[in-house]
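Trainee: sequence and predicted structure below; questions after.
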2 protein chains.
Amino acid sequence: MAAARLTRLASRDVSSLPHAAMRLMGRLDELGPSRISDLAKADRCSQPTMSNLVQRQEESGWVRREPDPADSRASLISLTDAGRAELDQARHEAGAAIATRLSQLPAQDLATLKAAVTVMHSILTLEPLEETPR
Amino acid sequence: MAAARLTRLASRDVSSLPHAAMRLMGRLDELGPSRISDLAKADRCSQPTMSNLVQRQEESGWVRREPDPADSRASLISLTDAGRAELDQARHEAGAAIATRLSQLPAQDLATLKAAVTVMHSILTLEPLEETPR
DNA sequence: AGAGAAACATAGCTTTACTATGTATTGTTG
DNA sequence: CAACAATACATAGTAAAGCTATGTTTCTCT
């Protein structure tokens, strides 16, 4: 719950990019050129949702679509230069929202947060540990 | 970013309540009977958005609206028993989604997360430290 | 008492999300 | 190797969640 509220606190101050767009661009920055279905999996949304999102970002010029040489059914989506600039801007805005608060914290608390970020990243890469892999 | 992804990881596995509804119910659980404008402020959304959300939750029977005895313009919104049960269910679902991952972490990491939660709560109650209080 | 402020509702729009389904390509198999 | 199933994506239609602008009612204050 704390993570959710903190996230909302930061994301509400981002005016340059809607949140879903920001998630998409962040993934592209992280993964490089990717297929729509892979992006949908990474973002945990449905394929049509990602299809629609990509289309809108393409129209905004923040994302580019190229045919996948390995599979004519698929496309490879990647960030444009404008898209990367927009992502940087949005990240800056999100950071600024909490920076003024972080600056009021003692160094000890900042260290705690830093350590927690590492742990959270490891959680995100962990598998759900299902006994039923279908 | 880590907080955002962790939040999304948990919230995507909640089927019983849409996310905005869950935020509203959580606030009501925390604050008790509240005015719509106060709920909007707490959730950092606009007043019409909260108006709309409350209406839908009212129709679902999860929230109750009573006149504010102190001000006939305002209403006091509160959880119904069904709403509280639904909130419990949703929280359980959200917890279950990450519990299987948390259980794979060493105790040291869990302690780090616990400490970070405390710090995050303090961030949430901090003011943005603006020199221009408007 | 009248003016302005506050609390909420309504209208109209956009974004984000879903399921169901269609189309084209790829893979598999009898 | 032709036929069928599976895969990758698009489209259609709908709902939820968000916004600004604006209207109505009630308070508050001079």
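Mentor: Yep, that arrived. Residues are numbered from 1 along each chain as shown, chains lettered A, B, ... in the order given.
Trainee: what ranges does chain A have for its helices?
Mentor: For chain A, the helices defined by DSSP state H cover A:2-11, A:19-31, A:36-43, A:47-60, A:81-102, A:107-125.
Trainee: now those helices in JSON lines, with mean pLDDT?
Mentor: Below are the helices of chain A laid out as JSON lines (pLDDT from 0 to 100):
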{"stretch": "helix A:2-11", "mean pLDDT": "92"}
{"stretch": "helix A:19-31", "mean pLDDT": "95"}
{"stretch": "helix A:36-43", "mean pLDDT": "96"}
{"stretch": "helix A:47-60", "mean pLDDT": "95"}
{"stretch": "helix A:81-102", "mean pLDDT": "91"}
{"stretch": "helix A:107-125", "mean pLDDT": "96"}
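Trainee: of the ones you listed, which is nearest A:Asp71?
Mentor: helix A:36-43 (10.8 Å; CB to CB). C-beta: built from backbone N, CA, C; applies to glycine.
Trainee: what does the closest one contact?
Mentor: Outside helix A:36-43, the residues that touch it by CB atoms under 8 Å, 6 or more residues apart in numbering or on different chains are A:23-24, A:27-28, A:31, A:34, A:46-47, A:49-51, A:54, A:74-75, A:77, B:8.
Trainee: from those residues, list the buried ones, please.
Mentor: With burial judged by 16 or more other CB atoms under 10 Å in any protein chain shown, the buried subset of the contacts of helix A:36-43 is A:23-24, A:27-28, A:34, A:50, A:54, A:75, A:77, B:8.
Trainee: number of residues surrounding A:Ser16?
Mentor: Neighbourhood size, A:Ser16 [other CB atoms under 10 Å in any protein chain shown]: 16.
Trainee: which of the contacts of helix A:36-43 come close to DNA strand D?
Mentor: Restricting the contacts of helix A:36-43 to those touching DNA strand D (CB under 7 Å from any atom of the strand) yields A:47, A:51, A:54, A:74-75.
Trainee: so how far is DNA strand D from A:Asp29?
Mentor: Taking CB to the nearest atom of the strand, to the nearest Å as the measure, A:Asp29 falls 18 Å from DNA strand D.
Trainee: OK, contacts around the nearest residue to A:Asp13 once chain neighbours are set aside?
Mentor: Nearest non-adjacent residue to A:Asp13, counting by CB to CB, 6 or more residues apart in numbering or on different chains: A:Ala97, 3.7 Å away. Shown in contact with A:Ala97 (CB under 8 Å, 6+ apart): A:9-10, A:12-14, B:128.
Trainee: does A:Gln104 touch B:Val119 like I think?
Mentor: No - counting by CB atoms under 8 Å, A:Gln104 sits too far from B:Val119 to count as a contact (11.5 Å).
Trainee: so those two - more neighbours on which side?
Mentor: Legend: neighbour count by other CB under 10 Å for A:Gln104 and B:Val119, higher for B:Val119 (21 against 13).
Trainee: for that one, which non-adjacent residue is spatially closest?
Mentor: Nearest non-adjacent residue to B:Val119 (CB to CB, 6+ apart): A:Asp109, at 4.5 Å.
Trainee: burial measure for the nearest residue to A:His19 once chain neighbours are set aside, as a count.
Mentor: In this structure, A:His19 finds its nearest non-sequential neighbour in A:Ser11, 5.4 Å apart by CB to CB, 6+ apart. When neighbours are counted by other CB under 10 Å, A:Ser11 registers 20.
Trainee: good, we can wrap up now.
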